[in-house]
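Q: Take a look and give me a structure for this.
(one chain, ligands or ions: 1)
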Amino acid sequence: MRADGAGRATIGGLDRSLSLASYDRFPDALLDVPAPELWRHLPGPSLFSLEGRQGDTLFLSVLLHGNEDTGWRAIQHILKRLRGRPLPRPVLLFVGNIAAAKAGVRTLPNQHDYNRAWPGTTHPTTPEADVMRDVVAIAARTRLFASIDIHNNTGNNPHYACVNSCDDHHLQLARLFGRTVVYFEEPVGVQSAALARLCPAITVECGRPGSEAGVAHAVELIEAALSLQHFPVHAVGEADIDLLRTFAIVKVPGDATFSYDGRAADFQFRGDLDHLNFAELDVGVALGRCAGARRLEVSTADGTSTEYFHYHDGEIRLAQRAIPAMLTLDPQAVRLDCLGYLMHRIGRDGRRLADDLR
Ligand SMILES: [Zn+2]
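A: Below you'll find the model as predicted:
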């Protein structure tokens, strides 16, 4: 094993440094180490180049968010089962935010989010962006088969895959995980958007951390991608896939207070907010109440000012049909990321389906 510190990030006047550690094999000692203990074994973000029997390389990234350990547990499971035998195809495994995993959080307060720091990011000069650039440079020198970035989320959501391209191979890769596929352009700086320029790439959301079903589903996906010889020649049929597109990101203003249990706050969201995820909601569905002239921040992917909410008598109601995703009851997720996303059904051309516009 070598830890050559390849791609040392420039410190650039910042009082913290970050460098990428590279390894040419996966030590057995890591097979049973839980994510919060990885810092005892690895100096920081680490890239493992693992040999396989044949074919192009599968890129896997796990723990871009420190408290989302399903991907790490899935890869441990697969490597344990293979012990001694080579992988069906080579793997580049990126293990991301080990410091945040130690603290059991998504991102540490002094860090830039590991899944907003990839090429295309709005913050290209951070130490995190330097590391991700190094990872992509190494990936770009490799013959890649596909890329899978594995996440968990905090709210009540089904398992689903996300893509940044609706090309056939991206959708076929997503289809290995399930029929619910979300196409998104924002946020930028995400792993799947950077890797989509090199190979078919998906992000998978495996439900809440700690669920065995999430680990089993991730294992199934990785094993399918490892054993797939090549992507099918035929296109993914409209009937084989529930294709959705994120049209808006909803945020609570940084200076506003919020609650879910009716306690006094600028925004009082309903206690079952996350149970609206992936439901096809009609105009008029209430998300909660708000004080005075307070408004949710809605940013749309195309910059249009489409109105998503009506505010009347202190109630926040949907102004058009929409399908929410990742609505969360976790205050930390709301502060660090967003309240949730609003989606619509789309066709393969990326446009909203006519019956969704009713
Ligand atoms: Zn995540």
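
Q: Quick check: phi and psi on the closest residue to residue 353 other than its chain neighbours?
A: Setting aside the residues directly before and after it, residue 353 is nearest to residue 345 in space (Cβ to Cβ, 6 or more residues apart in numbering), at 4.6 Å. Every residue, glycine included, has its C-beta placed from N, CA and C. Backbone torsions for residue 345, taken as degrees, to the nearest 10, come to phi -70, psi 140.

Q: Surely residue 345 touches residue 244?
A: Yes - counting by Cβ atoms under 8 Å, residue 345 touches residue 244, with 5.8 Å between them.

Q: Which of the two has more residues huddled nearby?
A: residue 244 (23 against 17; other Cβ atoms under 10 Å).

Q: Was I right to think that one contacts residue 179?
A: No - using Cβ under 8 Å, residue 244 is not in contact with residue 179, being 10.9 Å away.

Q: still on that earlier bit, determine the residues that are contacts of both of residue 345 and residue 244.
A: Shared contacts of residue 345 and residue 244, defined by Cβ atoms under 8 Å, 6 or more residues apart in numbering, are found at residue 323.

Q: Next, count neighbours for residue 239.
A: Using other Cβ under 10 Å, residue 239 is surrounded by 7 other residues.

Q: Looks like residue 143 contacts residue 56 (just checking).
A: Yes - if you go by Cβ under 8 Å, residue 143 and residue 56 touch, sitting 4.5 Å apart.

Q: if you count what's nearby, which of these two comes out ahead?
A: More crowded of residue 143 and residue 56, by other Cβ under 10 Å: residue 56, with 15 against 10.

Q: what mean pLDDT does stretch 148-159 have?
A: Averaged across stretch 148-159, the pLDDT comes to 94.

Q: so what's the residue nearest to residue 126 when sequence neighbours are not counted up against?
A: Nearest residue to residue 126, sequence neighbours excluded (Cβ to Cβ, 6+ apart): residue 112, at 4.3 Å. Residues in contact with residue 112 (Cβ under 8 Å, 6+ apart) are 123, 126, 127, 128, 129.

Q: Now with 7 Å, please.
A: Listed by Cβ atoms under 7 Å, 6 or more residues apart in numbering, the contact partners of residue 112 are 123, 126, 128, 129.

Q: Filter the residues you listed down to the buried ones and hand me the PyMOL line.
A: Buried residues among the contacts of residue 112 (16 or more other Cβ atoms under 10 Å), as a PyMOL selection:
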select buried, resi 126+128+129
